[in-house]
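**Student:** Curious how this folds, go ahead:
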Amino acid sequence: MWKSLKYQPENLPETIEMTREYYGDSWISDLQFLKWQYEDNPAGSAMIRLARDVESGQLAGQYVVIPMAFKAFNELIHGTLSLNTLTRQIYGGQGIFTGLAKAVYQDCAEEGSRFCYGFPNPNSYPGFLKKLGFTDLGRVPLLLRPLNTKALVKKKLGPVLAQLSWPFHQFYKVRNHSDARYVVYPLSDSDLSGIDAFWAKVQNKYPIIGVRDTNYLRWRYFDIPLRDYQVYGVRRQNSSELLGYIVGRCTEVADMSSGMIVDFLVDSEHPAAGRCLVNSLLRFFVENNMDLAGSLMLAHTEESRILKNNGFLTCPKSLEPQPFPVIYRKLGVTKDNNRVGENASDPFLQLNQWFLTMGDYDVI
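**Tutor:** Numbers count the residues shown, from 1 in each chain. Coordinates of the predicted model:
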């Protein structure tokens with residue numbers, strides 16, 4: 001038998017112990033990472049419910065969301081991102097997942113959060129839809145671009161075929177496509193002065209978009225423990241006005257050295273500035289010996305078109321390491337258990353209304 005209780009900061013050590021038992025030693029069970037994720041978020045502290053065994057006193061599971069600020073249809077609203085969900089194996093089948101989740105949603109609704117969204121893995125995906133009433137909005141396409149075709153072919157098919165890939169290697173070679181009208185430069189946590197003005201200009205570019213102001217970008221990409229990101233801004237020659245930014249990270253994906261484009265947003269009046277950002281980041285990846293570049297980007301966005309113009313291709317679903325579904329649940333329940341406003345005409349249920357990148361969740 002278990003009971004639900006609201007998380008307090010003093011519960012963090014025992015949640016880490018439970019998380020390590022479930023996930024092993026990784027960023028998701030690291031003290032500093034979780035303090036950053038749960039306590040330092042400029043949108044607010046994490047909303048967490050814990051399940052405790054009433055007899056043994058040990059934790060049996062957790063359900064976690066973190067607040068995320070959004071600009072949606074010209075209104076500043078708060079949603080929540082679902083992450084780090086787990087139930088200890090010996091407590092499976094006791095309704096912990098659904099019980100804690102519904103309690104968290106009630107807590108969030110009382111705090112004014114309008115919705116919950118997530119990018120579930122294949123194991124948790126069915127539970128969110130069948131047990132918690134989430135809607136699958138669709139998949140975010142994975143875009144890929146070879147950086148070192150010979151290395152990729154050698155790893156997957158062997159050295160003989162790698163020699164035959166030389167024409168493709170030349171075709172996908174990253175070249176310097178600088179534009180004399182624009183200057184691309186590294187952004188640092190000590191100099192984000194142009195971000196708020198840029199955000200004020202582009203915040204209505206898409207109907208639903210996560211807030212990308214100075215406080216958010218500093219927290220998400222500069223204050224984060226255990227990860228290093230490369231962040232570039234772009235401006236016109238002889239001007240200090242920021243026209244866009246791009247965020248990249250060098251990592252390993254499926255045993256391949258991969259440069260991931262984590263976030264990318266550009267002023268719609270300057271698509272050529274966006275092309276300069278992509279080219280600069282690709283050259284950074286090559287300098288750091290990445291063999292493949294990747295990005296999650298919705299097809300209807302201008303940023304997706306810019307990536308495709310820079311050699312990115314949509315990965316076939318059969319070759320994806322896993323699907324990337326977006327799930328959504330409106331918070332607030334009516335007496336007949338239907339969430340207010342959640343129907344086929346709800347614009348939040350249309351994925352083509354959203355702007356989402358890897359930066360809108362926590363895996364990369």
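**Student:** Flag every buried residue along the lengthiest helix in the chain.
**Tutor:** In the chain, with assignment by DSSP state H, the single longest helix is helix 271-287. For helix 271-287, the buried set under the neighbour-count rule, 16 or more other Cβ atoms under 10 Å, comprises 271, 273-286. (Each C-beta comes from the backbone N, C-alpha and C, glycine too.)
**Student:** for stretch 319-328, same thing?
**Tutor:** Neighbour-count burial for stretch 319-328, counted by 16+ other Cβ under 10 Å, picks out Phe324, Pro325, Val326, Ile327, Tyr328.
**Student:** What of stretch 9-27?
**Tutor:** Using 16+ other Cβ under 10 Å as the burial criterion, the residues of stretch 9-27 that qualify are Asn11, Leu12, Thr15, Ile16, Met18, Thr19, Tyr22, Trp27.
**Student:** Distance-wise, check the residue lying closest to the second one once chain neighbours are set aside relative to Pro13.
**Tutor:** In other words, Leu12. Of all residues beyond its chain neighbours, the one nearest Leu12 is Leu34 (6.4 Å), with distances taken as Cβ to Cβ, 6 or more residues apart in numbering. With distances defined as Cβ to Cβ, to the nearest Å, the gap from Leu34 to Pro13 amounts to 10 Å.
**Student:** Quick check: can you list the domain ranges of the protein?
**Tutor:** As given by automatic domain parsing, the domain ranges for the chain are 2-140+324-346, 142-319.
**Student:** Can I get those in CSV including distance to Asn352 and mean pLDDT?
**Tutor:** Compiled in CSV, these are given as follows (distance: least, Cβ to Cβ, whole Å; pLDDT from 0 to 100):
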stretch, distance to Asn352, mean pLDDT
domain 2-140+324-346, 9, 93
domain 142-319, 5, 91
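**Student:** Please produce a markdown table containing these, extended by distance to Gly359.
**Tutor:** As requested, these are arranged in a markdown table below (distance: least, Cβ to Cβ, whole Å):
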| stretch | distance to Gly359 |
| --- | --- |
| domain 2-140+324-346 | 11 |
| domain 142-319 | 4 |
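**Student:** now for the ones you listed, which one comes closest to Ile364?
**Tutor:** Closest approach to Ile364 among the domains of the chain is made by domain 142-319 (5.1 Å; Cβ to Cβ).
**Student:** Any idea how far that closest one is from the middle of the chain?
**Tutor:** Its chain's C-alpha centre and that of domain 142-319 lie 14 Å apart, by Cα atoms, centre = their mean, to the nearest Å.
**Student:** Parallel or antiparallel, which strands does the helix or strand following the longest helix of the chain pair with?
**Tutor:** Using DSSP states H and E, the helix or strand that follows helix 271-287 towards the C-terminus is strand 292-296. Strand 292-296 has the following strand partners under DSSP bridges: strand 142-146 (antiparallel), strand 256-266 (parallel).
**Student:** Of those strands, which is nearest Phe73?
**Tutor:** Among the strands paired with strand 292-296, the nearest to Phe73 by Cβ to Cβ is strand 256-266 (18.3 Å).
**Student:** Ser304: what's it in contact with?
**Tutor:** Pro141, Leu143, Met297, Leu298 (Cβ atoms under 8 Å, 6 or more residues apart in numbering).
**Student:** Please apply the same query to Leu5.
**Tutor:** Arg49, Leu50, Arg52.
**Student:** do that again at 6 Å, thanks
**Tutor:** Contacts for Leu5 were tallied using Cβ atoms under 6 Å, 6 or more residues apart in numbering; they are Leu50.
**Student:** what secondary structure does it sit in?
**Tutor:** For Leu5, the reduced secondary structure class is strand; criterion used: DSSP: H, G, I helix; E, B strand; the rest coil.
**Student:** That one bridge partners, please.
**Tutor:** Beta-bridge partners of Leu5, counted by DSSP bridges, are Leu50.
**Student:** Walking through the stretch 101-250 of the chain, point out its strands one by one.
**Tutor:** Secondary structure of the stretch 101-250 of the chain (DSSP state E, counting those that start in this stretch): strands at 115-118, 135-139, 142-146, 182-186, 208-210, 230-236, 242-253.
**Student:** I'd like to know which of the ones you listed is closest to Ser124.
**Tutor:** Across the strands of the stretch 101-250 of the chain, the minimum distance to Ser124, taken as Cβ to Cβ, is reached by strand 115-118, at 8.5 Å.
**Student:** in stretch 230-239, what's buried?
**Tutor:** Of the residues in stretch 230-239, those buried under the neighbour-count criterion (16+ other Cβ under 10 Å) are Gln230, Val231, Tyr232, Gly233, Val234, Arg235.
**Student:** May I ask which two of those are separated the most?
**Tutor:** The widest separation within the buried residues of stretch 230-239, taken as Cβ to Cβ, falls between Gln230 and Arg235 and amounts to 17.4 Å.
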